[in-house]
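>>> fold the following and give me the result.
(chains A and B)
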Amino acid sequence: MMHEILSYAVGIFLIIGGIFSLAAAIGLLRLPDLYTRMHAASKAGTLGAGFGFLAIALASLEGSVVLRAFAGFIFLLLTAPISAHLLARAAYFAGYKPAKVTKIDEMDPK
Amino acid sequence: MTLLLISVLLALTWAAITGTFSLGNLILGFVIGGMSLWVIRLQVGQAQLLRKIPKILSLAALFLYELLMSAIKVLILVLSPNMHKKLQPAIIAFPLKAKSDAEITLLANLITLTPGTLSVDVSPDRSSLYVHALEMPDKKKMIKDIANGFEAKIIEVFEQ
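Numbering: from 1, shown residues only, chains lettered A, B, ... in the order given. Presented below is the predicted three-dimensional model:
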């Protein structure tokens, strides 16, 4: 019984993770410029992978695997925002202007 | 004392990542952790870690909740058919109260992972953080939200 409930939970977490990852991918396609795209990639993507790790941890329930899944999630949390931030910053200084819909740009020296 | 504690934590992290909790592996993790600490010895202050654990946990909880909300928001926005009408991106300057490198780094990281915001750059004089927002109906409210939420908690964790 317990085993079945766990299998269902694993399945549900995998599906939720998949939905978030899919949303991240759709966001990359639909959003207008790099800055808005980084939102989709860094947030929905991180959470999608996080649910994946959670499913792995539940599926195995072995101490070492659970710890490794947890560590993987933490490392993702630490690195995803940094890469998003660096990409956005590099793009800005390379002269890639935000999309026209952008309301205010206080970084613009003008 | 604090350094020893951090070394032990690093050793446990190492064992967790490599997946074996044998004595040899723990010692190897301890040695590698000690070497990493030695590399960053100038940056490691005498922060009193233990006393701050409740505050760190509260910050972590707030952060996980905000991350979930943020991802759901992006999901809804991205999947809505009239996305381009809802989208109101903006880059605003957020006035920083946090001063140290560690605080600013942490704040910038947390901002990137929370609803509709992404940190782009810190101004050269370190007085403000440039934040890109996905939807920004009200600039003042957004600045207030960040200042009262994450920044306040981070300063709590870092102050002596």
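
>>> only C-alpha atoms for contact and neighbour calcs from this point on.
Fine.

>>> near chain A, which residues of chain B?
Taking Cα under 8 Å from any Cα of the partner chain as the test, the list of chain B residues beside chain A reads B:13, B:16-20, B:67-68, B:70-72, B:74-75, B:78-79, B:87-93, B:109-110, B:112-114, B:116-121, B:130, B:132-134.

>>> now do the strands in the chain.
Just so you know, I chose chain A. Applying DSSP state E to chain A gives no strands.

>>> nope, chain B
Counting by DSSP E, the segments of chain B that form strands are B:90-95, B:117-122, B:128-133.

>>> which neighbouring elements make contact with the last one?
When you say that, I think you mean strand B:128-133. Contacts defined by 3 or more Cα pairs under 8 Å, 6 or more residues apart in numbering or on different chains; DSSP states H and E place strand B:128-133 against strand B:90-95, strand B:117-122.

>>> change it to 10 Å
Applying 3 or more Cα pairs under 10 Å, 6 or more residues apart in numbering or on different chains; DSSP states H and E, one finds that strand B:128-133 makes contact with helix A:34-39, helix A:63-93, strand B:90-95, helix B:101-112, strand B:117-122, helix B:139-146.

>>> now for the closest residue in space to residue A:70 that isn't next to it in sequence: which residues touch it?
In this structure, residue A:70 finds its nearest non-sequential neighbour in residue A:53, 7.2 Å apart by Cα to Cα, 6 or more residues apart in numbering or on different chains. The contact partners of residue A:53, by Cα atoms under 10 Å, 6 or more residues apart in numbering or on different chains, come to A:13-14, A:17, A:47, A:59, A:65-66, A:68-73.

>>> quick one: buried ones out of these?
Among the contacts of residue A:53, those buried by neighbour count (16 or more other Cα atoms under 10 Å in any protein chain shown) are A:13-14, A:17, A:47, A:59, A:65-66, A:68-73.

>>> out of these, flag the one nearest to chain B.
Minimum separation from chain B among the buried ones among the contacts of residue A:53 (Cα to the nearest Cα) is found for residue A:68, which lies at 4.9 Å.

>>> I'd like to know which of the residues of chain B next to chain A are buried.
Neighbour-count burial within those applies to B:13, B:16-19, B:67-68, B:70-72, B:74-75, B:78, B:87-93, B:109-110, B:112-114, B:116-121, B:130, B:132-134; the criterion is 16+ other Cα under 10 Å.
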